[in-house]
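Peer 1: Turn this into a structure:
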Amino acid sequence: MIMLIESKNRTKATFITYYQGFLAIAAILLFFTKLDIYLFSNHGFFIPLYWLLGFLLASIPLWLSLLRRLDSLSKPLVIWSGVYIAVSFISILLQPVLPKEQYLEDQYRTILFLLLALGIFAYHPLLTKWIKLTIMSVTFLNISLFIYEFFNPLSFYVKQVAPGRSSGFYGDSNTAGNSLVLGMIMTIDLIKPKYRLFYSLFIFIGLAPTFSRGAIVGWVIVVALLMIKKSIPRYQISLLLVFFLVIISILSTQINNLKYLKDSDGKELFHKDTLARVEFLIDPLAQKDDSKASREEHVEIAWRKFASHPLIGNGLGSGENTATISLVGIAQRSHNTYLDQMTEFGFLGSLLFPGLLLACVWKAKGEFRNQGAAFVIFLLAQGFFSHTLISESCSSIVYAMMANLSKHSSLQSVLNPDTDEFLDKLYFHNFHDLES
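Peer 2: Numbering: from 1, shown residues only. So this is what the prediction gives:
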């Protein structure tokens, strides 16, 4: 009965509730889309650090209110953050030489941003609804931007990092692809079951211009899992198979003609690397491209570093391949989250990312449990293709949002408040029993 009363109190909207909602929506629009980095990189508008400091100052009233409702914070995510901070400091103490100032700054910023996201996305029933609607809106926007950019390659950047591959504000096609799949996972329960496959296929249309192999394979895994769990009706599997048979048939018969397609300026739509990725989708085992070969080299270097210090690692920043430092001071890494963390922190590093994902979906209940499983499996797989899944601000936003949605599903499962009338009746009967 006490839990029911507390639940009804939580649903009351106060000024701080709307203020938190404003901060949450603004954080999604700015950080989940990586708009902060895009504005600075292309228009010189505020460095990303200023945005972080601005949100920290703006969230002070929110944090003061959270002192009276600490249970709104995701305890598993708070614990993981504490472990990550401890591991980072222990690593610094164990290494004979202090890491470079830039590495320390990057680590502090990652931790600070995750803690900020924890506060902004602290649980409230109304906030959960606003989060989902905002994520869906951003997902639809990204689909439009990616399709537009494919036909207008220089729409967002003076020079594309990966020519022929859409990335929108993200700048990186793999991150862009991941954002669409994550958006689908977090919002698919807003769609009626019979329309969910069509929603997933619509997401795939936006995903295709990124030519992100990891994200596309991840999309297939997520849709298959949701079908197995019946979140997407199983009887629609025939429609899904027909869709892919048509796509593969068209690509396999027209692969040699794709290189002749040009945009309105007469430039090729499909570049060499893009065509190689199309060939990979048709037959993953029959083709090898330069990107894959380059990644294998970085993995070998990182693995040798880990093997030299498997217990305590090599310290912050050791995941970088110093031989590949660019003019702007950025070096290549292993493109593997597990190996990157193992290189820096030793064996323990391999558990950090899985632990983070587990903390995000801890005690997820009901239908959202299926979405939580899809979330974990998708990102566990992406960990083998990317090394930025812990450090990027857009990733921290995702983890905090997922923790909020999981907490909501857990409370909904316990309380099952179908209507306010149901709560009132249950409260009345319990109170009457106590009086008797």
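
Peer 1: which stretches of the stretch 101-250 of the chain form strands?
Peer 2: Per DSSP state E, counting those that start in this stretch, the stretch 101-250 of the chain carries no strands over any range.

Peer 1: any weak-confidence spans in it?
Peer 2: Counting by pLDDT under 70, the ranges of the stretch 101-250 of the chain that qualify are 157-163.

Peer 1: can you do 80?
Peer 2: Within the stretch 101-250 of the chain, the segments meeting pLDDT under 80 span 101-104, 153-164, 248, 250.

Peer 1: Just to be sure, Thr343 is in a strand?
Peer 2: No: assessed with DSSP: H, G, I helix; E, B strand; the rest coil, Thr343 is helix; it does not lie in a strand.

Peer 1: unless I'm mixing things up, it is touching Gly319, no?
Peer 2: Yes: at 4.6 Å, Thr343 and Gly319 qualify as touching, with contact defined as CB atoms under 8 Å. Placement of C-beta: from N, CA and C, glycine included.

Peer 1: Residues that sit against both of those two, list them.
Peer 2: Contact criterion CB atoms under 8 Å, 6 or more residues apart in numbering; residues shared by Thr343 and Gly319: 302, 305, 334.

Peer 1: what residue ranges in the stretch 301-436 of the chain score low on pLDDT?
Peer 2: For the stretch 301-436 of the chain, applying pLDDT under 80 flags the ranges 317-334, 412-436.

Peer 1: Most neighbours among the shared contacts of Thr343 and Gly319, which one?
Peer 2: When neighbours are counted by other CB atoms under 10 Å, Ser334 leads those with 28 neighbours.

Peer 1: which phi and psi does that one have?
Peer 2: phi -80, psi -10 (degrees, to the nearest 10).

Peer 1: give me every residue that touches it.
Peer 2: 295, 298-299, 301-303, 319, 340, 343, 387.

Peer 1: picking that back up, for the shared contacts of Thr343 and Gly319, give me a markdown table that also has distance to Ser238.
Peer 2: Below are the shared contacts of Thr343 and Gly319 laid out as a markdown table (distance: CB to CB, whole Å):
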| residue | distance to Ser238 |
| --- | --- |
| Ala302 | 43 |
| Lys305 | 49 |
| Ser334 | 40 |
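
Peer 1: now, which of the residues you listed sits nearest Leu118?
Peer 2: For the shared contacts of Thr343 and Gly319, the residue nearest Leu118 by CB to CB is Ser334; the value is 28.1 Å.

Peer 1: Nearest spatial neighbour of that closest one, chain-adjacent residues omitted?
Peer 2: Excluding the flanking residues, the one nearest Ser334 by CB to CB, 6 or more residues apart in numbering is Ala302, at 3.8 Å.

Peer 1: I'd guessed Phe156 sits against Leu39; true?
Peer 2: No: Phe156 lies out of contact with Leu39 (CB under 8 Å); the separation is 11.1 Å.

Peer 1: Mutual contacts of those two, please.
Peer 2: The contact sets of Phe156 and Leu39 do not overlap (CB under 8 Å, 6+ apart).

Peer 1: Can you list the helices and strands that the helix or strand harbouring the residue nearest to Ser334 packs against?
Peer 2: Assigned by DSSP states H and E, Ala302 belongs to helix 290-308. With contacts taken as 3 or more CB pairs under 8 Å, 6 or more residues apart in numbering; DSSP states H and E, helix 290-308 sits against helix 272-282, helix 337-345.

Peer 1: Who are the packing partners of the last one?
Peer 2: It stands for helix 337-345. Using 3+ CB pairs under 8 Å, 6+ apart, the elements in contact with helix 337-345 are helix 75-94, helix 290-308, helix 349-360.

Peer 1: Output it as PDB, restricted to C-alpha atoms.
Peer 2: In PDB, the C-alpha atoms belonging to helix 337-345 read as follows (Å, rounded to 0.1, in the frame of the first residue of the first chain):
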ATOM      1  CA  THR A 337      35.800  -1.800 -26.600                       C
ATOM      2  CA  TYR A 338      36.800  -4.900 -24.800                       C
ATOM      3  CA  LEU A 339      40.400  -5.000 -26.100                       C
ATOM      4  CA  ASP A 340      40.700  -1.200 -25.600                       C
ATOM      5  CA  GLN A 341      39.800  -1.400 -21.900                       C
ATOM      6  CA  MET A 342      41.900  -4.500 -21.400                       C
ATOM      7  CA  THR A 343      44.900  -2.700 -22.900                       C
ATOM      8  CA  GLU A 344      44.500   0.100 -20.400                       C
ATOM      9  CA  PHE A 345      43.200  -1.700 -17.200                       C
END
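
Peer 1: Tell me what angle it forms with helix 75-94.
Peer 2: If you take axes from the mean of the first three to the mean of the last three CA atoms, to 10 degrees, helix 337-345 sits at 40 degrees to helix 75-94.

Peer 1: what separates helix 337-345 from the chain centre, distance-wise?
Peer 2: 19 Å (CA atoms, centre = their mean, to the nearest Å).

Peer 1: Give me the angle between that helix and helix 349-360.
Peer 2: Angle of helix 337-345 versus helix 349-360, following the same axes, to 10 degrees, is 120 degrees.

Peer 1: what comes up buried for helix 337-345?
Peer 2: 337-345 (16 or more other CB atoms under 10 Å).

Peer 1: Check the contacts of Ser334 for burial and list the buried ones.
Peer 2: For the contacts of Ser334, a burial check counting by 16+ other CB under 10 Å picks out 295, 298-299, 301-302, 319, 340, 343, 387.

Peer 1: so which strand or helix has Val97?
Peer 2: Using DSSP H and E, Val97 is not contained in any helix or strand.
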